[in-house]
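Asker: Kindly return the folded structure for what I paste below:
(one chain, ligands or ions: 1)
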Amino acid sequence: MTRAECDALVVRARAARQRAYAPYSKYLVGAALLGVDGVIYEGCNVENASYGGTICAERTAVVRAVASGCREFRAIAITTSSPKPAPPCGFCLQVMSEFASDLPIILSAPKGAWKLTSIRKLLPMAFVKKDL
Ligand SMILES: [Zn+2]
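Answerer: Residues are numbered from 1 along each chain as shown. So this is what the prediction gives:
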């Protein structure tokens, strides 16, 4: 991923964040997942009055991509409501690792510089198919 590609993905994640449905936590999150097909699959968190029904932005993006026929990804950008770039939750890391063992992850806040990391760094011992 070039710096320009990362910048572009962060712009899309920030835009997706504006569409988050988070009336309970008020913690808006957006994600932009770049598929190998060149399509950027956007996601946002979608909360539910039954809190367990809530889905994070990252998983929304992955589900959207898979449902569209794309199962291989180049990178994901995530924008949270935190003032500094914050990592995905463990649940989302696990779901992303199903499709990309070392996916580049670009973490960003609503404003300011982004930070590049990866699934392998954030979830070094992911539970995967071969563990079954
Ligand atoms: Zn999550």
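
Asker: C-alpha from now on. contacts and neighbour counts both.
Answerer: Noted.

Asker: neighbours around Tyr27, how many?
Answerer: 15 (other Cα atoms under 10 Å).

Asker: tell me the contacts of the residue nearest the centre of the chain?
Answerer: The centre of the chain sits closest to Glu58, judged by Cα atoms, centre = their mean, with a distance of 3.2 Å. Neighbour list for Glu58: 30-32, 43-45, 78, 88, 92, 96 [criterion: Cα atoms under 8 Å, 6 or more residues apart in numbering].

Asker: Wasn't Leu9 part of a helix?
Answerer: Yes. Remark: Leu9 belongs to a helix, assigned using DSSP: H, G, I helix; E, B strand; the rest coil.

Asker: How about the residues of the protein by the ion?
Answerer: Within the chain, the positions adjacent to the ion are 56, 89, 92 by Cα under 5 Å from the ion.

Asker: Give the burial count for the first one, as a bare number.
Answerer: Same thing as Cys56. Counted with other Cα under 10 Å, Cys56 comes out at 21.

Asker: Ile55 and Cys92: what is the separation?
Answerer: 9 Å (Cα to Cα, to the nearest Å).

Asker: what's the answer for Arg17, then?
Answerer: 16 Å.

Asker: The two: which is more packed in?
Answerer: A direct count of neighbours by other Cα under 10 Å for Arg17 and Cys92 places Arg17 higher, at 26 against 17.

Asker: and Ala113, helix, strand or coil?
Answerer: Applying three-state DSSP: Ala113 is coil.

Asker: which residues touch it?
Answerer: Ala113 neighbours (Cα under 8 Å, 6+ apart): none.
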